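Engineer: structure for the following, please:
(one chain, ligands or ions: 2)
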Amino acid sequence: MAARPAPYLDDLNPAQRAAVEALDGPVLMLAGAGTGKTKALTSRIVHLLNTQRARPNEILSVTFTNKAAREMKERVGRLLGQVAEGMPWMGTFHSLSVKILRRHAELAGLKPNFTILDTDDQIRLLKQLIAAADIDEKRWPARMLAGMIDGWKNRALTPMNVPSNEASGFNNMGTELYAAYQDRLRTLNATDFGDLLLHCVTIFQAHPDVLGQYQRWFRYILVDEYQDTNVCQYLWLRLLAQSHKNICCVGDDDQSIYGWRGAEVGNILRFEKDFPGATVIKLEQNYRSTAHILAAASGVISANKGRLGKTLWTAGEPGEKVRLIGHWDGEEEARWIGEEAEALQRGTRGLDPVSLDHQAILVRASHQMRAFEDRFLTIGLPYRVIGGPRFYERLEIRDAMAYFRLAVSPEDDLAFERIINTPKRGLGDKAQGDIQRLARAAGVPLLDGAREAVAKATIGGKGGGQLRQFVEGVDRWHQVTLNPDYNHIALAEQILDESGYTTMWQNDKTPEAPGRLDNLKELVKALEQFDNLQGFLEHVSLIMDNETEEASEKISIMTLHAAKGLEFPVVFLPGWEDGLFPSQRSMDESGLKGIEEERRLAYVGITRAERICTISFASNRRVYGQWQSQLPSRFIDELPSDHVEVLTPPGLYGGGYGAAAPVGFGSGLEERVSKADVYNSPGWRRLQAGQSNRPVQQPKESRHVTIDAEAISAFTIGDRVFHQKFGYGKVTDIEGDKLDVDFEHAGPKKLVARFVIPAAQ
Ligand code: ATP
Ligand code: MG
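Structural biologist: Ligands and ions are numbered 1, 2, ... in the order given. The predicted model follows:
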């Protein structure tokens with residue numbers, strides 16, 4: 001065969017080249033972050049085509065996210081140029097499985113036009129089955145069953161082969177209900193998400209002829225991010241690759257971050273067993289990050305036990321040290337990051353300007369995004385949220401806002417329609433139709449239509465009583481908003497509480513529910529910057545309107561999970577606080593499994609950065625209007641100090657980066673950053689002493705004011721003050737730096753003056 005030029009090979013190092021050129025037989029590429037695994041995988045696809053070893057449709061390439069699949073298609077497209085016609089099968093496990101399943105639907109008892117249910121439909125169906133089985137849904141919620149079924153499907157377990165020790169789950173009915181659910185799905189000609197892969201696996205296992213057809217078809221299989229495959233995905237791959245064994249998997253055990261969804265890092269370790277004689281290739285040179293960033297990431301991950309252990313090095317510059325900065329609170333953190341991003345965009349400290357497109361903020365939990373979105377919208381810094389809706393577009397936020405809207409304007413029919421039956425009040429289509437008819441006939445808003453329905457007892461049963469409660473609730477809330485000085489935060493909490501909306505998510509057993517509850521808390525937190533609900537709703541509608549303006553450059557905000565495989569010249573990692581990162585759940589777990597997965601997430605985060613990586617934490621966060629003091633993350637202790645620079649918190653020495661000289665560690669002999677280093681840095685001490693914040697425009701009362709020792713004289717007896725734990729109170733006596741305060745709820749206390757802030761009388 002005539003050799004074609006292969007310029008794409010010239011960009012590879014010898015190990016990568018070996019991985020690309022070992023076209024036949026099993027290949028495992030096991031290597032740390034940024035070593036060019038994905039690059040090698042992509043080049044391998046191009047090489048298969050360029051050497052005419054395979055036609056495009058003979059190649060199957062699997063990635064984890066749609067974004068990764070899109071990027072791979074782009075990379076292959078660029079490298080391919082004119083070489084080949086058509087593209088290989090590239091996609092996620094799910095998208096590829098749908099394609100296969102449509103062709104063989106009848107073997108799974110389905111028709112080719114089957115529908116894929118979303119979670120809501122899935123839950124509705126399970127509820128019916130639970131009711132039919134005479135099980136109390138309150139004790140045994142449908143969402144719990146949904147979680148169990150997903151777990152079984154991830155492990156490729158059909159109802160028939162769920163192990164007997166798990167069959168006792170869900171009131172001894174788990175497997176029976178699972179079987180009934182599968183039957184119902186078939187009758188409905190539907191699948192859920194987990195079925196897509198499981199049906200493929202069962203078809204492959206039961207029909208060797210079909211499997212054989214795909215084995216002949218997909219002669220070369222490639223898998224990126226192999227460390228995150230679950231058992232079902234693993235079986236899917238193994239079945240397809242069994243005959244020709246031309247399978248190339250790339251992964252990094254240190255980046256396994258989906259254990260909570262059933263991913264088994266053991267799949268990497270099993271590879272050599274399943275495919276004896278596999279070529280194992282290690283890549284050790286990192287091309288992505290500067291030496292300081294790489295060393296910081298390696299330092300953190302080295303605290304995990306049971307790693308395969310890999311060497312990583314870079315020929316690149318040492319670059320800037322990883323920057324660590326403590327902030328007073330989350331709002332300050334968002335403000336600082338916004339300013340820093342803009343400074344970097346302009347070009348600061350002798351650095352080349354960095355486009356916002358090349359900057360990213362990676363958060364542990366999606367509720368952290370709210371503070372950034374609000375701040376950026378306020379200052380007009382363009383941003384995009386990757387891998388999920390923006391904060392104010394989230395389902396639970398739109399629901400909660402609809403309640404607020406209705407409380408403020410009872411004639412808001414769109415808001416009414418959105419929440420009249422959320423949570424479920426037994427007011428289905430028929431009841432809602434009745435309400436609409438009554439409202440239309442009288443030419444009044446739906447809420448008044450509902451009032452009419454209550455008066456005429458049009459709607460019977462449980463729905464009737466619930467509708468009365470709903471109408472009374474809205475009337476009560478609306479009354480509150482008519483008082484010019486009403487406490488809107490208390491009202492918001494009351495609405496979410498009395499409407500049953502918070503309870504709905506508390507009873508929800510899906511993995512997303514805790515995140516949704518956090519988002520609701522975050523929403524209440526956002527309210528604190530406004531005087532009332534009206535002002536807040538106005539703010540949101542204005543900022544939502546702004547979104548349509550298309551900016552050319554945008555900073556990206558996403559979760560650490562969504563950032564897997566990506567890279568950015570500038571990365572901000574906010575919220576490194578115990579309880580947030582590592583998450584409280586992982587800290588509460590016995591054993592190290594949870595914490596180790598969080599640590600891998602920290603490693604993923606740091607290794608996304610090419611040139612500048614900034615880790616930050618706040619010493620205060622507010623939850624439901626209460627200050628909560630935070631401890632810096634334990635992962636901060638694990639950063640090797642030689643590679644970290646502690647920055648002075650903003651506002652000191654006049655504020656701004658240039659004026660605030662970075663605070664180093666002095667000798668540099670310490671191996672790790674200790675929290676004491678952070679606390680003892682002059683910047684942090686001054687921050688704690690209350691000289692932290694430059695004057696900032698305060699939407700409402702002086703949220704950021706802290707009182708330092710000299711400022712004690714600022715208090716006089718009778719002053720109203722606020723304490724983060726005890727709430728509001730009045731100063732009754734002053735003695736040195738101590739105050740006697742009579743708190744409205746907590747009663748009299750003696751306190752050090754700097755722990756309270758002045759409050760409005
Ligand atoms: P991750 O584990 O984060 O997914 P990875 O191992 O897949 O990382 P890539 O994304 O493929 O790494 O590569 C990281 C960066 O290094 C990319 O910008 C890539 O273009 C570059 N790179 C990879 N290999 C080389 C090479 N041989 N020469 C120069 N640059 C390279
Ligand atoms: Mg990669």
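Engineer: ok so residue 332 is a strand residue?
Structural biologist: No - counting by DSSP: H, G, I helix; E, B strand; the rest coil, residue 332 falls outside a strand, being helix.
Engineer: run a quick neighbour tally on the closest residue to residue 411 other than its chain neighbours.
Structural biologist: Distances taken as CB to CB, 6 or more residues apart in numbering place residue 445 nearest to residue 411, at 3.9 Å, with adjacent residues excluded. All C-beta atoms are positioned from the backbone trio N, CA, C, and that covers glycine. By the criterion of other CB atoms under 10 Å, residue 445 has 17 neighbours.
Engineer: give me the pLDDT value at residue 445.
Structural biologist: Residue 445 is assigned 91 on the pLDDT scale.
Engineer: low-confidence ranges in the stretch 501-650 of the chain?
Structural biologist: For the stretch 501-650 of the chain, residues meeting the criterion pLDDT under 70 lie at 542-551, 623-626, 649-650.
Engineer: swap in 80 and give it another go.
Structural biologist: For the stretch 501-650 of the chain, the stretches with pLDDT under 80 are 509-512, 529, 538-552, 622-627, 648-650.
Engineer: just want the residue of the stretch 351-500 of the chain that's nearest ligand 1.
Structural biologist: At 12.0 Å from ligand 1, residue 358 is the closest residue in the stretch 351-500 of the chain, using CB to the nearest ligand atom.
Engineer: go ahead and confirm that residue touches residue 566.
Structural biologist: No - look at residue 358 against residue 566 with CB atoms under 8 Å: they stay out of range, at 11.3 Å.
Engineer: tell me which element residue 572 falls in.
Structural biologist: Using DSSP states H and E, residue 572 maps to strand 568-573.
Engineer: what residues does that strand touch?
Structural biologist: Residues outside strand 568-573 that contact it (CB atoms under 8 Å, 6 or more residues apart in numbering) are 337, 340-341, 344, 354, 358-362, 556, 605-606, 608-616.
Engineer: so which of those sit within helices?
Structural biologist: Using DSSP state H, 337, 340-341, 344, 605-606 are the members of the contacts of strand 568-573 that sit in helices.
Engineer: how near is residue 33 to residue 222?
Structural biologist: Using CB to CB, to the nearest Å, residue 33 is found at 19 Å from residue 222.
Engineer: do residue 366 as well
Structural biologist: Residue 366 sits 31 Å away from residue 222, going by CB to CB.
Engineer: next one: residue 390
Structural biologist: 34 Å.
Engineer: neighbour-wise, which of the two wins?
Structural biologist: Neighbours per residue (other CB under 10 Å) separate residue 390 from residue 222, with residue 222 holding more: 26 against 18.
Engineer: what does whichever helix or strand the more buried one is part of contact?
Structural biologist: Here residue 222 sits within strand 220-223, counting by DSSP H and E. Contact partners of strand 220-223, identified using CB under 8 Å, 6+ apart, comprise 23, 41, 44-45, 48, 53-54, 58-62, 229, 237, 240-241, 246-251.
Engineer: which of these fall in helices?
Structural biologist: Per DSSP H, the subset of the contacts of strand 220-223 in helices is 41, 44-45, 48, 237, 240-241.
Engineer: the residue of the stretch 1-150 of the chain found nearest ligand 2: neighbouring residues, count only.
Structural biologist: Scanning the stretch 1-150 of the chain for the residue nearest ligand 2 gives residue 38, at 3.2 Å (criterion: CB to the ion). By the criterion of other CB under 10 Å, residue 38 has 20 neighbours.
Engineer: against which helices or strands is the helix or strand hosting it packed?
Structural biologist: Element membership of residue 38, judged by DSSP H and E, is helix 37-50. Applying 3 or more CB pairs under 8 Å, 6 or more residues apart in numbering; DSSP states H and E, one finds that helix 37-50 contacts helix 7-10, helix 14-21, strand 27-31, strand 59-63, helix 66-80, strand 220-223, strand 247-251.
Engineer: can you give me the angle the next helix or strand after the last one makes with strand 247-251?
Structural biologist: Along the chain past strand 247-251, the next helix or strand (assigned with DSSP H and E) turns out to be helix 266-274. Between helix 266-274 and strand 247-251, the angle formed by their directions is 150 degrees, by axes from the mean of the first three to the mean of the last three CA atoms, to 10 degrees.
Engineer: measure residue 393 to residue 227 for me?
Structural biologist: Distance of residue 393 to residue 227, given as CB to CB: 31 Å.
Engineer: which ones are touching the residue of the stretch 501-650 of the chain found nearest ligand 2?
Structural biologist: Residue nearest to ligand 2 within the stretch 501-650 of the chain: residue 565 (4.2 Å; CB to the ion). By CB under 8 Å, 6+ apart, residue 565 lies in contact with 38, 63-65, 68, 71, 224-225.
Engineer: next, the angle strand 568-573 makes with whichever strand or helix holds residue 326.
Structural biologist: Assigned by DSSP H and E, residue 326 falls within strand 322-329. Angle between the axes of strand 322-329 and strand 568-573 is 40 degrees (criterion: the same axes, to 10 degrees).
Engineer: pLDDT below threshold where in the stretch 351-500 of the chain?
Structural biologist: For the stretch 351-500 of the chain (pLDDT under 80), the answer is 387-390, 393.
Engineer: er, the stretch 201-350 of the chain actually
Structural biologist: Checking the stretch 201-350 of the chain against pLDDT under 80 turns up 260-266, 269, 306, 309, 349-350.
Engineer: flag every buried residue along the helix ranked longest in the chain.
Structural biologist: When the chain is parsed with DSSP H, its longest helix is helix 461-482. Buried positions in helix 461-482, judged by neighbour count with 16 or more other CB atoms under 10 Å: 463-464, 466-468, 470-471, 473-474, 477, 480-481.
Engineer: of those residues, list those near ligand 2.
Structural biologist: With CB under 5 Å from the ion as the criterion, the buried residues of helix 461-482 include none near ligand 2.
Engineer: residue 305: how many residues sit nearby?
Structural biologist: Counted with other CB under 10 Å, the neighbours of residue 305 add up to 7.
Engineer: what of residue 719?
Structural biologist: 18.
Engineer: I figured residue 93 hits residue 234, correct?
Structural biologist: No - using CB under 8 Å, residue 93 is not in contact with residue 234, being 10.3 Å away.
Engineer: these two - which one has more neighbours?
Structural biologist: Comparing residue 93 with residue 234 by other CB under 10 Å, the one with more neighbours is residue 234, at 23 against 20.
Engineer: the more buried one - that's part of a strand, no?
Structural biologist: No - read with three-state DSSP, residue 234 is helix and lies in no strand.
Engineer: show me what contacts it?
Structural biologist: Residue 234 neighbours (CB under 8 Å, 6+ apart): 264, 267, 270.
Engineer: most neighbours among those residues, please name it.
Structural biologist: residue 267 (23 neighbours).
Engineer: how far away is that one from ligand 2?
Structural biologist: Here the criterion is CB to the ion, to the nearest Å. By it, residue 267 lies 17 Å from ligand 2.
Engineer: tell me the secondary structure for the residue of the stretch 501-650 of the chain closest to ligand 2?
Structural biologist: Following three-state DSSP, we place residue 565 in the coil state.
Engineer: look up phi and psi at it.
Structural biologist: The phi/psi pair for residue 565 (degrees, to the nearest 10) reads phi 80, psi -10.
Engineer: for residue 582, which non-adjacent residue is spatially closest?
Structural biologist: Once flanking residues are discounted, residue 582 sits nearest to residue 598: 3.8 Å by CB to CB, 6+ apart.
Engineer: that neighbour reaches residue 585, doesn't it?
Structural biologist: No - if you go by CB under 8 Å, residue 598 and residue 585 don't touch, sitting 9.4 Å apart.
Engineer: those two: which is more packed in?
Structural biologist: Under the neighbour definition other CB under 10 Å, residue 598 and residue 585 were set side by side, and residue 598 has more, 22 against 12.
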